[in-house]
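Engineer: Sequence plus the predicted model coming up.
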Protein chains: 2
Amino acid sequence: SRFSHILRTFGKWFICFMIGVTVGAIAYVVKTCVESVQEFKYESSEKYIQNGQKAVGFLVYYSINVLFAITASLVIIPVGQIAAGSGIPEVKGYLNGIRIPHSMNIKTMIGKLISLILAYSSGAILGPEGPMIHIGSMIGGAIGQVKSKTFKWYPKILWKYHNDRDRRDFISTGAAAGVAAAFGAPIGGVLFGFEEASSFWSRQLTWRTFFACLIATFTTNLILQGFQVQLHDYGVLTFGFSQEYLYRYVELIAFMGIGVCGGLMGAFFVYCNARLSKWRSSFFQNKSVYWRIIEVFVFITISSTMLYMSASFTTCRSIESVEPPWDSPLQNDTTFVRFFCEETEYNDMAGLSFNSLDAALRLLYSRSGNIFSIKTLAVFTLMSFFLTTVTSGLMLASGLFIPMMLVGGTFGRLVGQIGVKIFSRAYPPIDPSIYAMVGSSAMMAGFSRMTISLAIIMVELTEGTQYMVPVILSVMTAKWVGDIFNESIYEHLMEQKCYPFLPSQPPQSMIKFGITDVMKTEVISLYEVEKVSRIIQVLQSNKHHGFPVIEKPQQVSDDLIDEGIYCGLILRSQLIILLNYHIFCHEQPQLPNYGRRRTNSNVKQRRWGKATDYGHIPADGRMNYKVMAQALARHFPPIHEMNISKEDIENMYIDLRPYMNLSSVVANETFSFGEGYNLFRTMGLRHMPVVNKRNEVVGFVTRKDLL
Amino acid sequence: SRFSHILRTFGKWFICFMIGVTVGAIAYVVKTCVESVQEFKYESSEKYIQNGQKAVGFLVYYSINVLFAITASLVIIPVGQIAAGSGIPEVKGYLNGIRIPHSMNIKTMIGKLISLILAYSSGAILGPEGPMIHIGSMIGGAIGQVKSKTFKWYPKILWKYHNDRDRRDFISTGAAAGVAAAFGAPIGGVLFGFEEASSFWSRQLTWRTFFACLIATFTTNLILQGFQVQLHDYGVLTFGFSQEYLYRYVELIAFMGIGVCGGLMGAFFVYCNARLSKWRSSFFQNKSVYWRIIEVFVFITISSTMLYMSASFTTCRSIESVEPPWDSPLQNDTTFVRFFCEETEYNDMAGLSFNSLDAALRLLYSRSGNIFSIKTLAVFTLMSFFLTTVTSGLMLASGLFIPMMLVGGTFGRLVGQIGVKIFSRAYPPIDPSIYAMVGSSAMMAGFSRMTISLAIIMVELTEGTQYMVPVILSVMTAKWVGDIFNESIYEHLMEQKCYPFLPSQPPQSMIKFGITDVMKTEVISLYEVEKVSRIIQVLQSNKHHGFPVIEKPQQVSDDLIDEGIYCGLILRSQLIILLNYHIFCHEQPQLPNYGRRRTNSNVKQRRWGKATDYGHIPADGRMNYKVMAQALARHFPPIHEMNISKEDIENMYIDLRPYMNLSSVVANETFSFGEGYNLFRTMGLRHMPVVNKRNEVVGFVTRKDLL
């Protein structure tokens, strides 16, 4: 037993290793594919632009974009709508305990991955992080279970991990590894898993997730940089900073102001997005799915035109006029976008709009003070905000982090450059790059309401802890301000998709209720030894996942009856297995009324009852613990295909006592709503029977009752 | 109600702000005091040494050390032994739910603070982090409660926070702020709180703690650097790194090897420490406390002599022979210690042994390859390991983090410099500074078994994420290796101090037991309306903190009796309040047998009972919810001083029903040990009644039963 425990633990670490490697490799594939496609696109259209053939350049650019976006959208159709969007609501919902059909399938994963690569290459303002989180969690689910519903493949190996808890843990790990690989931020990944994605988190899980995140980041690095020398982490926006001076304390007020703006803009984004989604769902309700592809086409036309035109109408700036930072030479990795300009000139708008998002961000974070004109920044802030809002509901795999970084970064840089103008005599001068970074953090916090994981991701992205205080300050402010107006985008999306998400605290408005005010009073329960016919009838007449098992009513005296004494909980899946394997018996005599004391025992002295002993009820020989656990991982045919003879149905019984869960947590009817909620939420329950003082079942609480 | 909720939340944030400011200011005081004392000490003795008066120099150095160490030890006596050591076991124990007398008092805090400043100045190898964590948590407890047992001051303001849960949260926050201020690592502080210190952690707590940590770090910075310009974070060992090259992948094997060594050394340290503590406790058992001061004196003599002599016997090295790193000039903040050498020379051993610990670490992490001789490093590794082992049990406030960083850093640098020798033809050359940093991480992980918080602290200390992979790799390896041999130092200390600590997972050996195998079967319970005399007798005859309240036995039929039906839980403190305020009544008729169904109701149809309604039992007018909550924060005189007349004791009753906790979680006797443990641990219970199928109390589980 001790050896099997060690083996089991080791197995978990190995699975986490595999999750890390796989997620890391996928992140590499996404990055490489997208980079080469984007490079091809910009190079081929720039060739025409610099020859003066602006219209041809636009056509090349536009047609590549449309091609990719439409394909990305078409890929979604066979896989199902669940593969569109970021997938973070699905992951959060699943880890909160909600079963969302198809959300963790291999098929969904493949569709999402292809759609992501295509969509990300299409030049629309969207990011890979959200989909990577979903893909990571799907990989976690798949590797952890080594089975596949899609391929109807249920191997017996690793059946020990085929339970809800381990599956949930592996999915958490996968989601965190997805973040880690996408951002190159292993610690940020772990914290994202803890803070944002998972509702249940243990210390053991922290370590394993940490390990998987490290492996994921490392794998991507290893493939990207070759196996020789480690230079720096992948995914990093290496952020130059001054050794002499960072910022004045008085600038913290400005950073806080950016935080306030980030919160407001984030809340406004959530509001717009919610309205737009409502409009979309009503508009597309009864229409063919191809309307959604037309929507993508219309959008990509608008987006390509806006991005291209904005660059076209911008005047060129001389590269020589760019001032290096006051304390160091110009960063030599600053690459300017020429667009239609002369060789010694560059187009500052094209650097943002006619560029990959990573490169645009790198420009925004560069330390030279006057690299952008204020007009460009103002225009691009509005434009990117608009485009991001519209993109995020399209039928494509798309994430919001990088776009929001871009919007916030542009806005922050705008504030910084205005500051430089106003306080032009300040020495050392104000550094607008910090403002850009702070703006990104604030905007991301404003829409996602993440705090500590976001701060850590920013630190890991920029490879330095120097700007921790400004980043944290703006993140906290943005979160506070945003929370005044509405909830995070994920909560809104989950509400809209009708996922019954349970937050960690009970809703304030319900705090005065009792648990009896919310419970279902119509409980479908089974006797300890129950007729096959009734079990089949119960299973077919409803879709509940669990049923309380009760004692048969007993006449305890002339006028008193004990009815529905609670014994344990049995799951639908267990009942189906028992039916499938025909674990029937003839009716057994009810066990003696154990636990009840007779008067003739010594009542004067307070003695306590002996534990009810279910141990002597033997499980059927065909169905021991191991067989049951292995069977739980499989899927069974519907009941009418199980070849149960009519005679069996009418005459036979199933003894549920050896199989029911004797350790199920119950609430007493005297519980307050808050206590019931906490018990349910903290213990991660799916069903909670409510009993009265006599331990008779008086109600039943499921997730939906608590909302 | 909604307004009061907002006010309450705002109050919590404000308290966290105050905790942050206070802890940050204290960290500043500690740092400044220690720095000036150390500077004075080293300067005045170096004056003599450089004049050739080595003996006088030693005397000055030694006498200052002795003076401080003895005073630091004397300070502990009036405050109590609880102020000695690091205090981390006390914090961990408290946050796990153990009441440790005097562990969170203001008196203890003041004593600990003074002892820390004195001890840290005394040149013994000890660090301020552990005590700062304890001090931080005491401040959290004090500010959160705004009351003081020591000063017998119980103001009514903020009584809403006077409950165990809020107090625990504020103490968590304080501990995290302590780490943040000591290391200058706000995120590391939060993660330390989550990973290491706290057993119960919520998302809300994460945000508030994050805020407090940020404020703490920021306060220290603000006072240290003045209010003008922010340059870099305080407490930082700014770690230079190459822009061209970090490490080869093959070096990861070496880092892993260092991790293995760190794990072994950490486990060995824990072993030695445990043996030494055992010896100490048996040796000093029946002796006066002044023997412990003699111990400090003996130790400080040994330590001063060893540190001084080792430097004396080391040959001088020429400053010019120090090679700068291959890709950059010599860091200009490298300060060499001259000791008795010529002006152009330095003493490499004195740089470690005759130097403040921070400065020694900075030298260890400097990038020039040959700053130390291999002999020096080898000698100092052994010496510092020995001295740290002996120090950590002295009657002083002392922490282990910085000493362990030093031991590990010296060892890692040793490995790195040997590597440089062996692979002297490698280009770019091997960088021993990375090895020093990896060694520090491995050693710290080896003794404390922290993982993710440690990695983050190292990242925040060194201001860069470049070496994340080596650090994490060595930390994980060291933890795994260490875990093979024993548990972390804190678990050992807690075991030795007999703190009943409940880990987050049930012990593997108990997994097959049932909850009935561990519960106490002798339960002291009270009736719903109980005689005053019995309550007083129960309170005086034992020290339990909670009692189950049961129904009076009822004859339900001729030969059947319902005995001990569980109703709720009442706390000792509530009983004392009821006694103190004389909330007595004459015996009330027992309520009707609600909840039990009569046969004459329709039994054919399955109907469910109505909730037992305790709402109509009015609470006594003198004792409503608010009065009770305010009274719970106070302390009351012993029962015999409460002026309860003999008549009252003999004739009167107390109706417990309005006051008892109706939402208390119970376990069923059919629970397995693991499920019972999880329920108890996850819900953070102190008492858990065990009931049988009839809801009769059959046992009672407390923390001690689960170990």
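Structural biologist: Okay, I see it.

Engineer: Taking the stretch 401-550 of chain A, what residue is nearest to chain B?
Structural biologist: Closest approach between the stretch 401-550 of chain A and chain B, counting by Cβ to the nearest Cβ: A:Thr516, at 4.2 Å. Glycine gets a C-beta too; all of them are placed from N, C-alpha and C.

Engineer: Is that residue in a helix, a strand, or coil?
Structural biologist: Here A:Thr516 is recorded as helix under DSSP: H, G, I helix; E, B strand; the rest coil.

Engineer: My guess is it contacts A:Gly699. True?
Structural biologist: Yes. Shown here, A:Thr516 and A:Gly699 form a contact pair, counting by Cβ atoms under 8 Å, at 6.5 Å.

Engineer: who touches both of those two?
Structural biologist: When contacts are counted by Cβ atoms under 8 Å, 6 or more residues apart in numbering or on different chains, the set common to A:Thr516 and A:Gly699 consists of A:669, A:690.

Engineer: didn't A:Arg704 look like it was pressed against A:Leu502?
Structural biologist: No, residue A:704 isn't Arg; it's Lys. No. Contact criterion Cβ under 8 Å: A:Lys704 and A:Leu502 do not qualify, at 9.9 Å.

Engineer: pLDDT wise, what is A:Phe411 at?
Structural biologist: What the model reports as pLDDT for A:Phe411 is 97.

Engineer: That one: neighbour count?
Structural biologist: 28 (other Cβ atoms under 10 Å in any protein chain shown).

Engineer: which ones are touching it?
Structural biologist: Here A:Phe411 is in contact with A:258, A:261-262, A:265, A:377, A:381, A:439, A:443 (Cβ under 8 Å, 6+ apart).

Engineer: tell me which element the residue nearest to A:Asp169 when sequence neighbours are not counted falls in.
Structural biologist: Leaving aside its sequence neighbours, A:Asp169 sits nearest to A:Leu205 (Cβ to Cβ, 6 or more residues apart in numbering or on different chains; 5.4 Å). If you go by DSSP states H and E, A:Leu205 is part of helix A:203-225.

Engineer: What helices and strands are in contact with that helix?
Structural biologist: In terms of contacts (3 or more Cβ pairs under 8 Å, 6 or more residues apart in numbering or on different chains; DSSP states H and E), helix A:203-225 is packed against helix A:2-50, helix A:164-183, helix A:186-192, helix B:452-462, helix B:468-485.

Engineer: which stretch in these has the least confidence?
Structural biologist: Per-stretch mean pLDDT for the helices and strands packed on helix A:203-225 is lowest at helix B:452-462 (a mean of 84).

Engineer: With chain A in mind, check whether that one reaches it.
Structural biologist: Yes. Using Cβ under 8 Å from any Cβ of the partner chain, helix B:452-462 reaches chain A at B:452, B:455-456, B:459-460.

Engineer: Please report which of those has the highest neighbour count.
Structural biologist: The residues of helix B:452-462 next to chain A, ranked by neighbours (other Cβ under 10 Å): first place B:Ile456, 31 neighbours.

Engineer: Might you report the residue contacts of it?
Structural biologist: B:Ile456 neighbours (Cβ under 8 Å, 6+ apart): A:187, A:456, B:185, B:187-188, B:191.
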